[in-house]
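In: quick one, what's the 3D model for this:
(one chain, ligands or ions: 1)
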Amino acid sequence: MSVEKYVQINKNKLHSIQRRHPWIFSGAITHESEEMFDGDLVTVLNHQEQIIAKGHFQHATIAVRILTFEDEPINGDFFKRKIENAVNLRMDQNLFRKDNSICRLVHGEGDGLPGLIVDYYNKVAIIQCHSIGMHKAIMEIKDALVAVLKDNLIAVYNKSAETLPDRNISTDGYLFGTCETPHIAIENGINYEIDWVNGQKTGFFIDQRESRSLLAKYAKGKKVLNTFCYSGGFSLSALNAGATLAHSLDSSKKAIDLTENNVRLNNLEENHKSIVADAMNYMKDLPEEYDIIILDPPAFAKHRNKRHQAIQGYKRLNAHTIRQIRPGGIIFTYSCSQVVDKQLFNNTIIAAAIEAGREVRILEQLHQPADHPINAFHPEGEYLKGLVIRID
Ligand code: SAH
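Out: All right, here's what the predicted structure looks like:
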């Protein structure tokens with residue numbers, strides 16, 4: 001066999017691979033090469049020793065993340081093809097425009113590259129590796145980005161230290177070019193200062209782009225409270241659309257500073273105020289009346305065993321808000337916990353409505369935008385869901 005490392009799969013565990021699910025759990029492996037290291041490229045064999053896939057190995061519950069179901073080399077060319085395909089998908093969505101220079105370029109399994117996230121901010125690509133195998137391939141990935149994006153790229157930054165299993169595996173820094181931060185990029189006509197070096201995640205929450213646009217349709221002449229605001233996106237969209245006021249709330253002073261800088265950058269300070277507070281506490285007893293309230297908390301459950309607790313959290317937060325918003329008020333409410341699916345989230349909001357004792361109607365059902373695609377064979381890739389509800 002030309003490839004050194006292999007894993008062999010129990011014949012009773014082949015069905016998930018046959019259905020093209022991109023993960024192999026450690027329990028499905030019957031045999032493997034003698035010395036296996038995290039990040040090794042492995043050939044996946046069935047019980048008859050036929051090659052059925054190739055992927056990145058890790059000593060973990062998800063033992064292999066599949067890159068291909070073909071017998072093909074995983075090299076620079078492979079990454080270039082995948083990244084070209086990913087970029088074309090975003091081009092087809094018309095995400096590279098004069099008034100939009102922010103998008104997710106690679107969304108892990110959704111782009112056939114499990115373990116890899118690449119975010120794009122006005123000619124700068126931020127790579128975030130979630131698997132050691134992807135981290136080992138980072139220079140090939142960087143070369144692919146440079147080759148595919150050409151003049152549309154001035155720098156590539158690696159921000160993987162916080163997303164790999166061990167902080168010492170990777171050192172954050174530039175792999176190609178450099179770019180001073182904060183760096184200005186534009187989303188649907190609104191400018192943002194993006195700081196991938198010091199900011200949360202890769203510096204911005206790209207996945208709420210379409211929800212921010214949707215809010216613009218509701219916000220004219222309204223008073224808006226944007227809780228869990230991070231860099232202020234929802235507040236900016238509301239103010240830009242003619243909201244009479246927007247209040248941005250976050251528990252992090254750093255997030256509030258980002259919001260205020262962005263409000264200033266877009267000349268929208270006049271009707272804006274920030275609040276540094278714990279949203280859970282603040283929403284118990286709202287000191288002001290609002291027409292629209294945004295609830296976009298961080299993932300309350302990162303793991304299945306925290307799901308129950310998370311549900312209680314979402315229920316409490318939403319019940320407080322539903323109880324206090326004025327009649328005719330609108331709530332944009334979200335969950336980005338992957339383990340809380342759409343149905344469970346809807347049920348939780350219904351439970352909150354019952355607890356609050358108000359009339360609640362669902363106006364819109366929301367999910368992650370198309371630059372965060374979901375691989376049809378990997379339903380776990382669906383993580384962001386939201387509802388727009390009207391309370392009477
Ligand atoms: N809506 C934002 C993204 C939200 S990310 C956007 O459009 O960009 C989640 C945010 O919640 C982070 O900024 C984090 O600092 C904040 N946060 C976390 N726990 C909080 C709490 N208990 N109260 C208020 N904010 C909180």
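
In: switch to C-alpha atoms for all contacts and neighbour counts from now on
Out: Fine.

In: quick one: the helices in the stretch 101-250 of the chain, in order.
Out: Using DSSP state H, counting those that start in this stretch, the helices of the stretch 101-250 of the chain run over 132-136, 138-149, 209-219, 233-240.

In: who are the packing partners of the longest one?
Out: Right, helix 138-149. With contacts defined as 3 or more Cα pairs under 8 Å, 6 or more residues apart in numbering; DSSP states H and E, helix 138-149 has these neighbours: helix 76-92, strand 173-176.

In: dump these to a markdown table, plus mean neighbour count and distance to Asn375.
Out: Formatted as a markdown table, the helices and strands packed on helix 138-149 follow (neighbours: other Cα atoms under 10 Å; distance: least, Cα to Cα, whole Å):
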| stretch | mean neighbour count | distance to Asn375 |
| --- | --- | --- |
| helix 76-92 | 17 | 13 |
| strand 173-176 | 16 | 28 |
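
In: which among those is found nearest to the ligand?
Out: Of all those, helix 76-92 sits nearest to the ligand, with 20.2 Å by Cα to the nearest ligand atom.

In: helices and strands around that closest one, which ones?
Out: In terms of contacts (3+ Cα pairs under 8 Å, 6+ apart), helix 76-92 is packed against strand 102-107, helix 138-149.

In: nearest to the ligand, out of those?
Out: strand 102-107 (12.7 Å).

In: report the angle between the closest one and helix 209-219.
Out: 150 degrees (axes from the mean of the first three to the mean of the last three Cα atoms, to 10 degrees).

In: out of the helices of the stretch 101-250 of the chain, which is the most enclosed?
Out: Among those, helix 233-240 has the highest mean neighbour count (mean count of other Cα atoms under 10 Å), at a mean of 27.

In: so how far is that helix from its chain's centroid?
Out: Distance of helix 233-240 from its chain centroid, counting by Cα atoms, centre = their mean, to the nearest Å, is 20 Å.

In: give me the residues contacting that helix.
Out: 190, 212-213, 215-216, 219-220, 224-226, 229, 245-248, 259, 262-263, 268, 271-272, 294 (Cα atoms under 8 Å, 6 or more residues apart in numbering).

In: out of those, which touch the ligand?
Out: Contacts with the ligand within these, counted by Cα under 6 Å from any ligand atom: Cys229.

In: just the buried ones from the contacts of helix 233-240, in ChimeraX syntax?
Out: Buried residues among the contacts of helix 233-240 (16 or more other Cα atoms under 10 Å), as a ChimeraX selection:
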select :190,212,213,215,216,219,220,224,225,226,229,245,246,247,248,259,262,263,268,272,294
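
In: tell me which of the contacts of helix 233-240 fall in strands.
Out: Using DSSP state E, the subset of the contacts of helix 233-240 located in strands is 190, 224-226, 245-248, 272, 294.

In: show me what contacts the closest residue to His303 other than its chain neighbours?
Out: Nearest non-adjacent residue to His303, counting by Cα to Cα, 6 or more residues apart in numbering: Val339, 6.7 Å away. The neighbourhood of Val339, defined by Cα under 8 Å, 6+ apart, consists of 301-304, 307, 383.

In: got it, and Gly76?
Out: When the contact criterion is Cα under 8 Å, 6+ apart, the partners of Gly76 are 140-141, 143-144.

In: what residues does stretch 82-93 touch?
Out: With contact meaning Cα under 8 Å, 6+ apart, stretch 82-93 is reached by 96, 103, 105-106, 111-113, 144-145, 148, 370-371.

In: brain fart, stretch 50-58
Out: For stretch 50-58, the external contacting residues (Cα under 8 Å, 6+ apart) are 37-46, 63-71, 131-134.

In: contact partners for Tyr157?
Out: Taking Cα under 8 Å, 6+ apart, we find Tyr157 in contact with 124-127, 172-176, 178.

In: CSV for the helices and strands packed on helix 138-149, including mean pLDDT?
Out: Output for the helices and strands packed on helix 138-149, formatted as CSV (pLDDT from 0 to 100):
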stretch, mean pLDDT
helix 76-92, 98
strand 173-176, 98
